[in-house]
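> This is a predicted model, with the sequence first.
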Amino acid sequence: GENVEQHPSTLSVQEGDSAVIKCTYSDSASNYFPWYKQELGKRPQLIIDIRSNVGEKKDQRIAVTLNKTAKHFSLHITETQPEDSAVYFCAAADTGRRALTFGSGTRLQVQP
Amino acid sequence: EAQVTQNPRYLITVTGKKLTVTCSQNMNHEYMSWYRQDPGLGLRQIYYSMNVEVTDKGDVPEGYKVSRKEKRNFPLILESPSPNQTSLYFCASRISGVGGELFFGEGSRLTVL
């Protein structure tokens, strides 16, 4: 089955700086890569996703890049704000298994 | 309001006492799934269902059962809970298939003594 590794496990940045979270996946059949944000005590919520036919996708201050050859994808947050503080999960979907496998999460703290 | 509703939100029980965590969605979604969240391990899938009467094992199905008799409901059953099932559980649904947003419930924190 799919295995998703996520790094770093914790990340602390100053407000206004950029943050990058990286994930690698094992199954070359995976073709859907979402990112979820989980604020403290809340449920995970989708913030951005990318499919394998696209190399990069942006939505305001967040962007995701995908390198299918190397089997890794990354989340980029620019001009970070305190409300970006949360746990971020990457995930990869194996179409054949119809299952979504999550990474172990990155706790991002944005220092004001 | 579109939502996924789980009950109970908090539960403390003892080893071996059967329990059911209910999950209901009002969005007419075909796909439903259960995850458990443990520190450092992320969200691990327990079971999922592509549609009524269609269920399949996720990555950590041992000790759990599910059923999908109606489209809106997907209960998680722990026949004989053990302390290693102490966790935060999330039910989630999406319209169908693989891609697309997964809508999560608020979570159910279970403690097994």
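Looks like it arrived, so ask away.
> residues from chain B in reach of chain A?
Where chain B comes near chain A, counting by Cβ under 8 Å from any Cβ of the partner chain, the residues are B:31, B:33, B:35, B:40-45, B:48, B:50, B:56, B:58-59, B:90, B:97-99, B:101-102, B:104-107. All C-beta atoms are positioned from the backbone trio N, CA, C, and that covers glycine.
> how does it look with 6 Å?
B:Gly40, B:Leu41, B:Gly42, B:Leu43, B:Gln45, B:Val98, B:Gly99, B:Glu101, B:Phe104, B:Glu106 (Cβ under 6 Å from any Cβ of the partner chain).
> Restricted to strands, list these.
Within the residues of chain B next to chain A, residues falling in strands by DSSP state E are B:Gly42, B:Leu43, B:Gln45, B:Phe104.
> Dump those residues into TSV; add distance to B:Tyr64 as well.
Listed next are those as TSV, based on distance: Cβ to Cβ, whole Å:
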residue	distance to B:Tyr64
B:Gly42	18
B:Leu43	15
B:Gln45	11
B:Phe104	18
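> Among the residues you listed, which one has the most neighbours?
Comparing those by number of neighbours (other Cβ atoms under 10 Å in any protein chain shown), B:Leu43 comes first, having 26 neighbours.
> Can you give me the pLDDT of that one?
pLDDT recorded at B:Leu43 is 95.
> Equivalent analysis for A:Gln45, please.
The score at A:Gln45 is 97. That number is its pLDDT.
> can you check the one 5 residues further on too?
Residue-level confidence at A:Ile50 comes out at 93, pLDDT.
> Assess the claim that it and A:Leu66 are in contact.
Yes. With contact defined as Cβ atoms under 6 Å, A:Ile50 counts as touching A:Leu66 (5.3 Å).
> so B:Arg94 sits right up against B:Met50, yeah?
No. B:Arg94 is beyond contact range of B:Met50, at 10.7 Å (criterion: Cβ under 6 Å).
> what's the strand or helix carrying A:Lys57 packed up against?
Assigned by DSSP states H and E, A:Lys57 falls within strand A:56-59. If contacts are counted by 3 or more Cβ pairs under 6 Å, 6 or more residues apart in numbering or on different chains; DSSP states H and E, strand A:56-59 sits against no helix or strand.
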